[in-house]
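Novice: Everything below, folded, please.
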Amino acid sequence: MKREHCARALARAWVHGVVHGLCLVLCFVAISDVRAEEEQVKRVLIVHSFGSSAPPFTTHSTAFETTLTQEMGKRVDLDQVSLDMARYAQPDMEEVFVEFLHKRLAKWQPDLVVPIGSPAGRFVVKFRDRLFPGTPVIYTGMDRRTVPPDAITRNATFVGEDFKLTGLVEDILQLAPDTTNIEVILGATPLERYWTDEFRRAFEPFADRVSFNFLNELSFDQMLRRLSKLPPHSFILLGLFLRDAAGVTHNEDEALQRLHAVANAPINGLYQNQLGLGIVGGRLYQGELEGVESARIAVRVLGGEPMSNFPPMLVGTQQPRYDWRELRRWNISESRLPPGSVIEFRQPTVWKRYQWWIIGALAIICLQAAMIVALVVQRRHRRQVEADLRESQQVMELATSAGELGLWSRDLTDGGVWANASLRSLFGFGADDAVHFEDLLRRVHPDDRRRMLLEVENTQPAAMPFDGEFRVLLPNGTERWLLAKGRSVVEPHDRGLRRMGTVLEITERKHADAELRRNREELAHVTRITTMGELAASLAHELNQPLTAILSNAQAAQRFLSGKPSDIEEGREILHDIVEDNKRAGEVIRRMRALVKKGEFDFSSIDLSDIIQGIMSLVHSDAVLRNLRVRLDVDPDLPPTRGDKIQLQQVLLNLLLNAFEAMKDCPADKRDVSVRAELDGRDMLQISVSDHGTGLTSDQLDKIFQPFFTTKREGLGMGLSISRSIVEAHGGRLWAENNADHGATFYFTLPVTGVAVEQKEDPTGPRGWLAASK
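Specialist: Below is the predicted model:
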């Protein structure tokens, strides 16, 4: 137990020791931080010439202190002393002040000395070695002429002015060229007497033009009385005013305001802080900028930078600035101001002061006027619209009645249908009959009803326009063809979708189209017969060969039968030859009949190679008679196409005969025709017929497919026109091009089986005119 008690006592003692040690360490660190913080604080001594509240030096010191404090915060300690040279300018007072500073600085040695104003600057130069020999110095708020040049070279710099005194007079004469008298206000301190002499010397060049009166020998009250009774063409110049001749100390800014109140002539000054207190303005010196620049240098010097890094800085005048109120008071035109001048204190006009009130009042007046005008215009417009609408309705009713144009509108929300009188008549309804969509649909021909309903259902959800042709059956059994067109219209105010359109009777047009198709079919048939007529000689030659062979074999058979009995096999061969020759003749006749006979349109799958071979057999004899050579280049793997075999044979036959005709005047060795068939891409077959004739002119290329245009003396000019119509009806196209050397090439294309072909005719009516009889 004793051992455990001793162990616990030792543990407690060890813990207490550790805690006490930590407390001592923390106290030591805190004391060290406080001392370090105290060591980091920089001390700055500001020496004022006339006190911290004596304009114009107040501007310098305030700007310096504000900028330095903002930049360094609590790390700077400012101490300020003043020579008060306006009151105590005696030489013996300097020694008293030196003793005062010597005792004061015994325990508070500055890191930087900043004299403001030339009296403070001269004092620091004179007693620097006794008071703060190694301390950096920044001379500011003074003219460079008042500081000895060697003072700046000893761990010091300068931030101040270089007064251009002649510029003061030049500014006055620019504002008032007729000025003949200038009153110069300067005080009676040693500094002001110095500047009085400087002003006199600087103004001598203007003595022949202007009379200068220096008021430094007057009291301030005398100045006020004098300046209130100045002669015309006078101007007042405020130089430096700290103490008058009576020994009374003055605040320069307050004195300026009192002068401004009684003066009967414009006043001008030197510093920017005086603008707004009564001076007119001009090229003013920037005391505030001097203080700011001095503070910035001070921050860097206190941060450890050597003073040699900062050469003397002269802060010049700012951009010319003027007081708008003084310009107005003394009737000085703004046109006399230098270019780029800035005018301050411009008092707003009535418009500027009450701009928004005026704008608001005018806006209300304009709004009311606009509303009145709008109401009048709207009323007039509404009357005009109503009149136009009535006229439009009358014209529409007249037009629809004259043209029997049916108008309809269907509300898709409730299914209601509106129809005019013409539409009711077209569908066989009376004027008082109730008409619904289902009623109209029941009047549509049964063969067209499903197609029409499908068209409506496909376009209605997507709000697409539609048009179509269909037949209606009237109650009396009459059949009528109608053309309907419509579109969707969105009703305003979210009232839904409405379909509306027109219906026109086209029965007579359909009859005319049917007649036109019949005429075209007849023309196509005549064209084929004409073409076969052109082949008459060659076809006769083609038939003559098998017929001659049949005759020869028949005669041989007669001789064979009339003679002595012979071999039966020889007789069989003779009869076999007769049969084959008969088939040859029959095939020629069959092909001729196929091209010239009439028949129904037969749209089926076709092997293009068979068509080409069949036509080549038909024109073979004609080519021989014309001494022509026909070369075939047909791809053996061509896919089938879909169409009418006879129609396509007619196209190829027409192109071949045209090619034969084009080379009738060519030398025999040049009479070559090429027929080529190949796959053009994946979806189209391309057939070309090329000759070596004279070719086509550009004018012929444009017109060659027009009806009744021909280059032949005896041609009708319909062959190529009909051929193009046939090819286009099959979903292809036909065109011609000149060859690079001689002749021309005609091309036509046909879709491969399975490729959709746009229908050229109404799907519910008869086939197109190319469904001609053959």
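Novice: make it CA atoms for all contacts and neighbour counts henceforth
Specialist: Fine.
Novice: The longest helix seen in the chain - contacts with which helices or strands?
Specialist: What stands out as the longest helix in the chain, according to DSSP state H, is helix 355-403. Applying 3 or more Cα pairs under 8 Å, 6 or more residues apart in numbering; DSSP states H and E, one finds that helix 355-403 contacts no other helix or strand.
Novice: quick one: strands adjacent to the next helix or strand after that helix?
Specialist: Using DSSP states H and E, the helix or strand that follows helix 355-403 in sequence is strand 406-411. Note on strand 406-411: by DSSP bridges, its sheet partners are strand 417-419 (antiparallel), strand 497-505 (antiparallel).
Novice: Off-centre distance for the last one?
Specialist: Computed by Cα atoms, centre = their mean, to the nearest Å, the separation of strand 497-505 from the middle of its chain amounts to 41 Å.
Novice: Grab the nearest non-local neighbour of residue 474.
Specialist: Excluding the flanking residues, the one nearest residue 474 by Cα to Cα, 6 or more residues apart in numbering is residue 428, at 5.7 Å.
Novice: in which helix or strand would I find the one you found?
Specialist: For residue 428, there is no helix or strand it lies in under DSSP H and E.
Novice: give me the number of residues near it?
Specialist: For residue 428, the count of nearby residues is 18 (other Cα atoms under 10 Å).
Novice: And for residue 303?
Specialist: The number of residues packed near residue 303 is 11, by other Cα under 10 Å.
Novice: Residue 630 too?
Specialist: A count of nearby residues for residue 630, using other Cα under 10 Å, gives 19.
Novice: cool, residue 372 as well?
Specialist: By other Cα under 10 Å, the residues close to residue 372 number 12.
Novice: what's the answer for residue 504, then?
Specialist: In terms of burial, residue 504 registers 20 neighbours under the definition other Cα under 10 Å.
Novice: ok, now how distant is residue 261 from residue 185?
Specialist: Applying Cα to Cα, to the nearest Å, the value for residue 261 to residue 185 is 16 Å.
Novice: And the two? Which one has more around it.
Specialist: Ranked by neighbour count (other Cα under 10 Å), residue 261 and residue 185 place residue 185 first, with 23 against 12.
Novice: Quick check: pLDDT value at that one.
Specialist: On the pLDDT scale, residue 185 is placed at 97.
Novice: How about it, nearest residue that isn't a chain neighbour?
Specialist: Nearest residue to residue 185 in three dimensions, chain neighbours excluded: residue 238, at 4.8 Å (Cα to Cα, 6+ apart).
Novice: One more: residue 263?
Specialist: Of all residues not flanking residue 263 in the chain, residue 228 sits nearest, at 4.5 Å (Cα to Cα, 6+ apart).
Novice: In this structure residue 473 contacts residue 448, no?
Specialist: No. Using Cα atoms under 8 Å, residue 473 is not in contact with residue 448, being 10.8 Å away.
Novice: Format the CA atom coordinates belonging to the strand ranked longest in the chain as PDB.
Specialist: The residue-count maximum for a strand in the chain (DSSP state E) belongs to strand 479-490. Extracted in PDB, the C-alpha atoms of strand 479-490 (Å, rounded to 0.1, in the frame of the first residue of the first chain):
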ATOM      1  CA  GLU A 479     -71.000  10.000-110.200                       C
ATOM      2  CA  ARG A 480     -68.900  13.200-109.800                       C
ATOM      3  CA  TRP A 481     -65.200  13.800-109.500                       C
ATOM      4  CA  LEU A 482     -64.000  16.300-106.900                       C
ATOM      5  CA  LEU A 483     -60.600  17.900-106.000                       C
ATOM      6  CA  ALA A 484     -60.200  18.600-102.200                       C
ATOM      7  CA  LYS A 485     -57.400  20.700-100.600                       C
ATOM      8  CA  GLY A 486     -57.000  21.600 -96.900                       C
ATOM      9  CA  ARG A 487     -54.700  22.600 -94.100                       C
ATOM     10  CA  SER A 488     -54.700  23.000 -90.400                       C
ATOM     11  CA  VAL A 489     -55.200  26.300 -88.600                       C
ATOM     12  CA  VAL A 490     -54.400  26.900 -84.900                       C
END
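Novice: Can you list the buried residues in it?
Specialist: Residues 480-482, 484, 486-488 are the ones in strand 479-490 that count as buried (16 or more other Cα atoms under 10 Å).
Novice: these two touch, right, the residue nearest to residue 185 and residue 187?
Specialist: No. Using Cα under 8 Å, residue 238 makes no contact with residue 187, being 9.8 Å away.
Novice: Looking only at neighbour counts, state which of the two leads.
Specialist: The neighbour comparison of residue 238 against residue 187 (other Cα under 10 Å) goes to residue 187, with 32 against 20.
Novice: Domain boundaries for this structure, per the record?
Specialist: If you go by automatic domain parsing, the domain ranges for the chain are 41-160, 165-279, 349-403, 404-505, 517-751.
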